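# A structural model of the following input is requested.
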Amino acid sequence: GVFLSFTAAMVQGLMAIVIVSSAVWLLDLSMRQTHLLANDAEVASFVLIMLVGLLISATRLWRMRELFVVSKSIDHHGVDSACDHSHGPSADDLNRTLSSRTLIGIILSIGIRPCSGALIVLLLAYSLDLGVSGLFAVLAMSLGTAMTITLLAVFSVYLRQMARRLLTLLPDSNAAGY
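Got it, this is the predicted structure:
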């Protein structure tokens, strides 16, 4: 989770750097044109995220359809039939680590959308001829975002564990009138 939050935040910052720096240095666009390009890139990233979501949904629906077709052709759970197939993810499935392909897909789907704040900082930095300072500012923002997300995740895990421990100290909920 820590690796995921750091890389996703850095990819978002890097996307902003690539878009704005390419527009300014390679395409020699004005600040107004660069701002419009950044807005268009943000809209395009929303469309890409939507397409990724639709692809995931379509894949899941296709798998559910296949399971439904298979379940119609097999007599499930008759009086004397033995169940030898899975009805959902097992504990091993849930505890399995993500493959590198899945991890990269998650990072890129988050990072597709450039950080809005980073776009604004870079546009301002380039308009004031402080491009290098803008690059460092965006990297610092990305690092700060990653650290904040990591801390929130760590706090939520520890607070959940603390809540579970406190619940074990409570008397029986039926006896306490809950």
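# Can you name the element that comes right after the lowest-mean-pLDDT helix or strand in the chain?
Lowest on mean pLDDT, DSSP states H and E among the helices and strands of the chain sits helix 91-95, with a mean of 58. Next helix or strand after helix 91-95 toward the C-terminus (DSSP states H and E): helix 100-111.
# Tell me which other helices or strands the helix or strand following that following helix touches.
Later in the chain than helix 100-111, the nearest helix or strand by DSSP H and E is helix 116-127. Helix 116-127 is packed against helix 2-21, helix 31-73, helix 131-169, with contacts defined by 3 or more C-beta pairs under 8 Å, 6 or more residues apart in numbering; DSSP states H and E. Just so you know, the C-beta spots here come from the backbone N, C-alpha and C atoms, and that holds for glycine as well.
# which one of the ones you listed is the most hemmed in?
helix 2-21 (a mean of 20; mean count of other C-beta atoms under 10 Å).
# which other helices and strands contact that helix?
helix 31-73, helix 100-111, helix 116-127, helix 131-169.
# which one of these lies closest to residue 7?
For the helices and strands packed on helix 2-21, proximity to residue 7 was assessed by C-beta to C-beta; helix 100-111 is nearest, at 5.0 Å.
# Which of the helices and strands packed on helix 2-21 sits closest to residue 12?
Taking C-beta to C-beta, helix 100-111 is the member of these nearest to residue 12, at 5.1 Å.
# which secondary structure elements does that closest one contact?
Short answer (3+ C-beta pairs under 8 Å, 6+ apart): helix 100-111 packs on helix 2-21.
# Residue ranges in the protein under the pLDDT threshold?
In the predicted model of the chain, residues 70-98, 172-178 satisfy pLDDT under 70.
# sorry, back to before: same list, the helices and strands packed on helix 2-21, but as TSV with distance to residue 2 please.
Shown next, in TSV, are the helices and strands packed on helix 2-21 (distance: least, C-beta to C-beta, whole Å):
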stretch	distance to residue 2
helix 31-73	23
helix 100-111	13
helix 116-127	21
helix 131-169	5
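# Relative to residue 4, which of these is closest?
Per C-beta to C-beta, nearest to residue 4 of these: helix 100-111, 6.5 Å.
# Can you pull out the residues in contact with stretch 103-117?
By C-beta atoms under 8 Å, 6 or more residues apart in numbering, the residues outside stretch 103-117 that reach it are 4, 7-8, 10-16, 19, 38, 41-42, 45-46, 48-49, 52, 98, 138, 141-142, 145.
# Residue 162 versus the residue nearest to the spatial centre of the chain, what's the distance?
The centroid of the chain falls nearest to residue 110 when counting by C-alpha atoms, centre = their mean (4.6 Å). Distance of residue 110 to residue 162, given as C-beta to C-beta, to the nearest Å: 29 Å.
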